[in-house]
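# Structure of the sequence below:
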Amino acid sequence: MNYDYASSQQTLYANNGGTTLSEYIEYTAQQPTWTKSYVYLGGGLLSTATSNGQGGENIEFNHPDRLGTRTITNQAAGTSSEQATLPFGTALNAESTRTNNPNRFTSYDRSNISGLDYAVNRSYDSKQGRFTQVDPIKMGASSLASPQTLNLYTYCGNDPINHTDPDGLFFGSLFRWIGKILKAVMIAVAVALIVIALVLMPSVAPILGYTVFAKMFAAAGVLLAQALAPPKIGAIIGIVTGLILAGPGIIVNFAETINKMARWQKLLMASNFVGAIANSFAQKKKDEKKRRGIIEQTVSRVVSRLNKKPKCLKTINHDGYDLSPAAAISEIFNRGNIQWNKDLDVSAQTGPNQTSDGVIELGSSFFDKIIKDVRGNNWNKITGLNEHRTREFIILHELRHLFGSDHSMEGGLERDVTEILKDCFGVTPNLSGGIK
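As a prediction, this is how the structure comes out:
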């Protein structure tokens, strides 16, 4: 959503996976009116349907070049307009016949208020030719082999001509693309080995023996495990099979055994270890993205709940700070101060009690379906809420700490839990077993 203080109007954006599908404007508070829809062909914007204010719509077609929408045509009106852009997205309005179109650079939506492009996971500033925040996957997006990646603000390694970044995670997307290619190659090689073995075995096996074909089937099995099995299982299968194919002597004399191995065996062993490392890296990135998505969705729900429920706002801000809890949690999130701490035993904990400057650390249990803490409290059972709302409750509980609350007040933790659940969710906690 976007709020225009000049017109006191709010624009709501309906999207799927970061891709904007339609826009609604609240000309009257809390009454969204449809104003625009987008139609896509694959990953590109095909056309835009805009309300004409009289119950009808105007259809315009987008014609992109390498950097984004270049020409816009209106078939019904018989008109066309052009927008020129520099490689990093800077608008050349003097050379353009249209300057108010939000789709200027690649797939991003440009705000007419801030001038920034919405890149799903962060914002992009075309005037600076860089993102306004570092890559969310941080140093995981860098490589010493490509020095440009060490600057986590750059757009596509400072190469906008040959690359695009649809979600603000360029190198993360690049690694995922490479991973998909490797997986497809491994499956293709495995299928080829199986087919060759089945075709040749009846005629060749009596001459060469069945050992060769057994190794071919084993190699195919390893490749399929690497490509299709969960990363840890694929790694174990690959390493164990590699050791078996190498022979028992590898345990006694590794170097001598390696020298005696055939070239294909060496390549297979190397692929096993490389595959294990690659799978581990891919899984780590996938888990990190999942955690980041859960945090973002939970904070969004918390802000919405706080804005819709005045009693909830008052309960969280029980000491009467001037700052709104909704604004505080948004600021904490935007600062990157809602963090996963893999060593944290409890579901969550807070840092300094400084409202919007505080830190909320989330333990691994926060991301599970059943959210427990080290004391044995099952928060799904206590709250009676599903996993999503239980996460909202935990964030609200920690936010209340940042607004001055602690468990030493009268009624302690049970009072804190009861008030948040009653005023924010309209439910009564299950305290039959108490809270530890």
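# For Glu23, give me its contacts.
By C-beta atoms under 8 Å, 6 or more residues apart in numbering, the contact list for Glu23 reads 11-14, 34-37. Every residue, glycine included, has its C-beta placed from N, CA and C.
# let's see 6 Å
13, 35-36 (C-beta atoms under 6 Å, 6 or more residues apart in numbering).
# Identify the residue nearest the geometric centre of this structure.
Lys289 (4.0 Å; C-alpha atoms, centre = their mean).
# Include distance to Leu413 and pLDDT when you put the contacts of Glu23 into CSV, please.
Formatted as CSV, the contacts of Glu23 follow (distance: C-beta to C-beta, whole Å; pLDDT from 0 to 100):
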residue, distance to Leu413, pLDDT
Tyr13, 39, 88
Thr35, 47, 92
Lys36, 48, 91
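# now, among these, which is nearest to Lys284?
Proximity of these to Lys284, judged by C-beta to C-beta, is greatest for Tyr13, which lies at 31.2 Å.
# Isn't that closest one up against Thr20?
Yes - if you go by C-beta atoms under 6 Å, Tyr13 and Thr20 touch, sitting 5.2 Å apart.
# out of these two, which sits in the busier spot?
Neighbours per residue, other C-beta atoms under 10 Å: of Tyr13 and Thr20, the larger number sits with Thr20, 21 against 14.
# measure Val303 to Ala119 for me?
Counting by C-beta to C-beta, to the nearest Å, the gap from Val303 to Ala119 is 21 Å.
# typo on my end, it should be Val427
With distances taken as C-beta to C-beta, Val427 is found 38 Å from Ala119.
# between these two, who's got more neighbours?
Ala119 (24 against 14).
# neighbours around the closest residue to the more buried one other than its chain neighbours, how many?
Nearest residue to Ala119 in three dimensions, chain neighbours excluded: Gly168, at 3.8 Å (C-beta to C-beta, 6 or more residues apart in numbering). By the criterion of other C-beta under 10 Å, Gly168 has 23 neighbours.
# Check Arg400 too.
Using other C-beta under 10 Å, the number of residues around Arg400 comes to 22.
# show me where the stretch 201-350 of the chain has helices.
In the stretch 201-350 of the chain, the helices defined using DSSP state H, counting those that start in this stretch lie at 211-228, 231-246, 249-252, 254-260, 263-308, 310-316, 325-334.
# Pick out the shakiest of those helices, pLDDT-wise.
Here these differ in mean pLDDT, and the lowest is helix 249-252 at a mean of 42.
# what residues go with each domain of this protein?
Following automatic domain parsing, the chain resolves into domains at 2-168, 172-282, 309-425.
# gap between the two ends of the longest one?
I take that to be domain 2-168. 20 Å (C-alpha to C-alpha, to the nearest Å).
# same check, this time on stretch 117-136
End-to-end distance for stretch 117-136: 16 Å, by C-alpha to C-alpha.
# surely Ile194 meets Gly221?
No - assessed by C-beta under 6 Å, Ile194 is found out of contact with Gly221, at 9.1 Å.
# Quick check: neighbours shared by those two?
Counting by C-beta under 6 Å, 6+ apart, Ile194 and Gly221 have no contacts in common.
# quick one: which of the contacts of Glu23 is nearest to Thr85?
Lys36 (20.9 Å).
# Can you pull the phi/psi pair for that closest one?
Main-chain dihedrals, Lys36, degrees, to the nearest 10: phi -160, psi 150.
# who does it bridge with?
Beta-bridge partners for Lys36, by DSSP bridges, are Glu23, Thr50.
# so it touches Asn52, yeah?
No - Lys36 is beyond contact range of Asn52, at 11.1 Å (criterion: C-beta under 6 Å).
# what about these two, which has more around it?
Per other C-beta under 10 Å, whichever of Lys36 and Asn52 has more neighbours is Lys36, with 19 against 8.
# Quick one: low-confidence residue ranges for the protein.
17-18, 42-43, 137, 140-143, 145, 170-180, 210, 226-283, 345-356, 406-411 (pLDDT under 70).
# Count the neighbours of the residue lying closest to Ser22 once chain neighbours are set aside for me.
Nearest non-adjacent residue to Ser22, counting by C-beta to C-beta, 6+ apart: Ser37, 4.3 Å away. By other C-beta under 10 Å, the residues close to Ser37 number 17.
# Equivalent analysis for Arg305, please.
Using other C-beta under 10 Å: Arg305 sits among 19 other residues.
# try Leu431
11.
# repeat for the one 4 residues further on
The local packing of Ile435 (other C-beta under 10 Å) involves 16 other residues.
# how near is it to Ser364?
With C-beta to C-beta as the criterion, Ile435 and Ser364 are 21 Å apart.
# what does Leu152 give?
25 Å.
# So for these two, which sits in the more crowded spot?
Leu152 (18 against 14).
# secondary structure element for that one?
Assigned by DSSP states H and E, Leu152 belongs to neither a helix nor a strand.
# The nearest residue to it once chain neighbours are set aside: neighbour count?
Spatial nearest neighbour of Leu152, excluding adjacent residues (C-beta to C-beta, 6+ apart): Val134 at 3.7 Å. Counted with other C-beta under 10 Å, the neighbours of Val134 add up to 15.
# repeat for Leu41
Neighbourhood size, Leu41 [other C-beta under 10 Å]: 9.
# beta partners of it?
Gly44.
# how far away is it from Trp379?
45 Å.
# before we move on, back to that, make sure the residue nearest to Leu152 is actually in contact with Asn151.
No - in this structure Val134 lies outside contact range of Asn151 using C-beta under 6 Å: 9.0 Å.
# Kind regards, and thank you for your time.
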